[in-house]
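[1] Show me the folded form of this:
(one chain, ligands or ions: 2)
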Amino acid sequence: MDKFRIAVAEGDGIGPEVVAEAIKVLDEIASRFNHEFVYEKVYIGGIAVDKFDDPLPDSEVEKILSCDALFFGAVGGPKWDNLPRQKRPETGMLKIRKALGDFANLRPAKVFDELVDASTLKPEVVQGIDILVVRELIGGIYFGQPKGIVEEDGIKKGINTMVYTEPEIERIVRLAFELAMQRRKKLTSVDKANVLDVSQLWRDVVDRVAKDYPEVEYNHLLVDNAAMQLVRNPKQFDVIVTGNIFGDILSDEASMLTGSIGMLPSASIGGNVGMFEPIHGSAPDIAGLGIANPIAQIESAAMMLKYDFKLDKEAEIIEKAVDMVLKMGYRTPDIMSEGKRKVNTQQMGDLIAKTI
Ligand code: ATP
Ligand code: MG
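    Ligands and ions are numbered 1, 2, ... in the order given. Here you go, the predicted structure:
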């Protein structure tokens with residue numbers, strides 16, 4: 001029997017509601033496949049501010065670092081919006097990301113056949129989209145020095161610096177090639193090499209690493225072109241690898257192609273403890289109503305099994321169960337359309353667990 005310790009941070013808003021459904025699914029997997037999942041409850045975000053007056057106390061970081069993975073809901077809400085920055089729930093998020101050292105953020109953007117009509121784009125453009133954006137998460141312009149706002153001769157100057165070292169580029173690029181090998185063996189590296197020197201280094205590293213993966217068909221795209229291609233012909237993409245800021249923007253763009261924010265998971269990996277969370281926020285507008293879509297959280301659990309615990313088959317079974325429940329016509333309100341059967345958060349979780 002394999003035993004895995006999972007730190008669970010339900011967070012705020014709909015977090016606890018959707019996490020509960022994902023745990024249901026994980027428990028079903030555990031009992032079917034004879035694994036043991038041990039859950040360690042931890043507090044991050046608004047709930048931690050209420051309890052400890054700190055969005056991420058050191059005690060919680062320690063607990064998380066002793067686990068195999070961090071399974072995360074979502075943080076934030078109007079209740080905490082007016083606190084000073086160091087006490088804001090989002091600060092807890094940024095701090096934990098840093099503490100875990102996960103340098104790769106994986107964001108799949110997949111269009112379920114059943115939900116093609118949820119996108120605002122034409123069905124023929126959208127149907128079959130299956131993209132994985134691999135974003136460098138702990139380097140680049142968000143962290144480079146010098147940074148800040150300085151004043152010189154009475155004129156204020158805002159500064160940020162885009163820095164990547166060769167090893168930082170190599171580890172994310174290599175991971176992306178590995179992921180491409182497990183998928184359709186296509187990789188697009190996105191940069192701004194016509195303007196930025198740091199991008200030229202990025203490009204050189206991609207060309208060098210590519211030699212180790214001759215089966216992967218790869219190309220380079222400038223970020224402006226990539227943004228355009230994503231809405232014009234998104235099906236050309238399999239894996240997209242890029243730096244922190246470009247990845248931030250492109251992964252949001254890619255996810256919106258699918259039109260269903262309640263369906264999309266994410267994984268942050270590469271450090272000691274991986275972190276798995278839906279891309280959506282705490283959705284304060286629907287919190288407590290029991291109508292949130294738990295699928296993004298459930299798919300995040302599947303990513304945890306696949307990328308952290310190497311339980312590929314179990315992850316695939318979760319994905320299949322989600323597919324089947326959608327095919328049977330069950331929908332939470334956010335993805336509801338005519339002739340389908342409306343269910344609430346719990347019912348959706350039950351259906352997926354039962355289908356497993
Ligand atoms: P954040 O700043 O944390 O990203 P946000 O306010 O930008 O939060 P969300 O909290 O993701 O964004 O909410 C955006 C919209 O999507 C809201 O109307 C919310 O109700 C809806 N939404 C988000 N997640 C879900 C979900 N799982 N099921 C149904 N609707 C959702
Ligand atoms: Mg947001």
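
[2] From here on, just use CA atoms for contacts and neighbour counts.
    Will do.

[3] which regions of the protein lie under the pLDDT threshold?
    Applying pLDDT under 70 to the chain picks out residues 1.

[4] Contact residues of it facing ligand 1?
    For the chain, the contact set with ligand 1 under Cα under 6 Å from any ligand atom comprises 261-262, 280-283, 285-286, 292-294, 334.

[5] now the residue nearest in space to the middle of the chain: how far from residue 100?
    By Cα atoms, centre = their mean, the chain has its centre lying nearest to residue 266, at 2.0 Å. Using Cα to Cα, to the nearest Å, residue 266 is found at 15 Å from residue 100.

[6] What of residue 63?
    As for residue 63, its distance to residue 100 is 12 Å (criterion: Cα to Cα).

[7] Looking only at neighbour counts, state which of those two leads.
    More neighbours surround residue 100 than the other of residue 63 and residue 100, with 21 against 13 (other Cα atoms under 10 Å).

[8] right, and that one touches residue 273 too?
    Yes: using Cα atoms under 8 Å, residue 100 is in contact with residue 273, at 5.8 Å.

[9] Can you work out which residues contact both of these two?
    residue 65 (Cα atoms under 8 Å, 6 or more residues apart in numbering).

[10] Just give the nearest non-adjacent residue to the residue in the stretch 101-250 of the chain that ligand 1 sits nearest to, would you?
    Here the stretch 101-250 of the chain gets closest to ligand 1 at one residue, residue 248, 12.3 Å apart by Cα to the nearest ligand atom. For residue 248, ignoring the flanking residues on the chain, the nearest one in space by Cα to Cα, 6 or more residues apart in numbering is residue 135 at 7.2 Å.

[11] Next: residue 78.
    Counting by Cα to Cα, 6+ apart, the nearest residue to residue 78 once its immediate chain neighbours are dropped is residue 284, at 7.6 Å.

[12] One more: residue 275?
    Using Cα to Cα, 6+ apart, the nearest residue to residue 275 is residue 70, at 4.6 Å.

[13] what's near enough to touch residue 334?
    Contact analysis of residue 334 by Cα under 8 Å, 6+ apart lists 260, 262, 292-293.

[14] ditto for residue 151
    residue 157.

[15] Let me know whether my guess that it is in a strand holds.
    Yes: under DSSP: H, G, I helix; E, B strand; the rest coil, residue 151 sits within a strand.

[16] Do a quick rundown of the helices in the stretch 51-200 of the chain.
    Applying DSSP state H, counting those that start in this stretch to the stretch 51-200 of the chain gives helices spanning 58-65, 89-100, 123-126, 166-182, 197-210.

[17] Surely the residue of the stretch 101-250 of the chain closest to ligand 1 is within a helix?
    Yes: judged by three-state DSSP, residue 248 forms part of a helix.

[18] Just give me the neighbour total for it.
    The burial count for residue 248: 17, using other Cα under 10 Å.

[19] Kindly report the same for the one 3 residues further on.
    The tally of other residues near residue 251 (other Cα under 10 Å) stands at 24.

[20] Quick check, residue 227 in contact with residue 251.
    No: applying Cα under 8 Å, one finds residue 227 not in contact with residue 251, separated by 10.0 Å.
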